[in-house]
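1. how does the following fold in three dimensions:
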Amino acid sequence: MFQQVPTRHRPVLIHAACGATGLLLALPVLLASKRRGRHTRLGWAYTVATLGLSLSAFGLFALDPARLWGLAVLGTLTLGWLVGGVWIARRRPPRLGARGWRIWHLNLMGSTVIAFVTGFAVEMTDGNLIAWFAPTVVGSVLIARVTAREVARAPRRVVVPAAG
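-> Below you'll find the model as predicted:
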């Protein structure tokens, strides 16, 4: 099947398939318990879809740079958020505190979900300006609420004053 598709249409097919896969996986990944198992398996599938989406965005941009510059910007941001989110989850830097890495991971990966929804909304509305900004506004509020809940769950640091 793939051999019959003209070369110039392949980035569109890859982009659409990765976009649909990412949109379908986003909610199950977000709702899964945050521990090894279902969340990490679905998370890796989501990561592959996001990587494919970002890279295919660059392929599409190369075909029509004047018209698809916004896609290149969104692809670049999404790729950065993805790499950061995966890196934080894998490394869990101790300087961020016991739960700090989770907060960063949540914000970075949540931003990739906003990018998926933004791309979908822009495509469905033929580039309506509201479609470019509404997902970011709504998604940022949701991420802020979940982040606040995560911060409230974080253990409090006890500061012991120096004797003297």
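
2. show me where the protein has helices.
-> Secondary structure of the chain by DSSP state H: the helices cover 10-31, 38-63, 69-91, 100-124, 129-153.

3. dump those helices to TSV, plus mean neighbour count and mean pLDDT.
-> No exception for glycine: its C-beta is placed from N, CA and C like everyone else's. Shown next, in TSV, are the helices of the chain (neighbours: other CB atoms under 10 Å; pLDDT from 0 to 100):
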stretch	mean neighbour count	mean pLDDT
helix 10-31	17	92
helix 38-63	18	94
helix 69-91	17	94
helix 100-124	20	94
helix 129-153	13	93
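
4. what is the burial count for His9?
-> Per other CB atoms under 10 Å, the neighbour tally for His9 reads 10.

5. residue contacts, Ser140?
-> Residues in contact with Ser140, defined by CB atoms under 8 Å, 6 or more residues apart in numbering, are Ile114.

6. roughly how far does Val117 sit from Thr76?
-> 17 Å (CB to CB, to the nearest Å).

7. actually, Ala26.
-> Where Thr76 is concerned, Ala26 sits at a distance of 20 Å (CB to CB).

8. just confirm Gly84 contacts Leu106, I think it does.
-> No. Gly84 lies out of contact with Leu106 (CB atoms under 8 Å); the separation is 11.7 Å.

9. next, name the residue at the spatial heart of this structure.
-> Thr112 (1.6 Å; CA atoms, centre = their mean).
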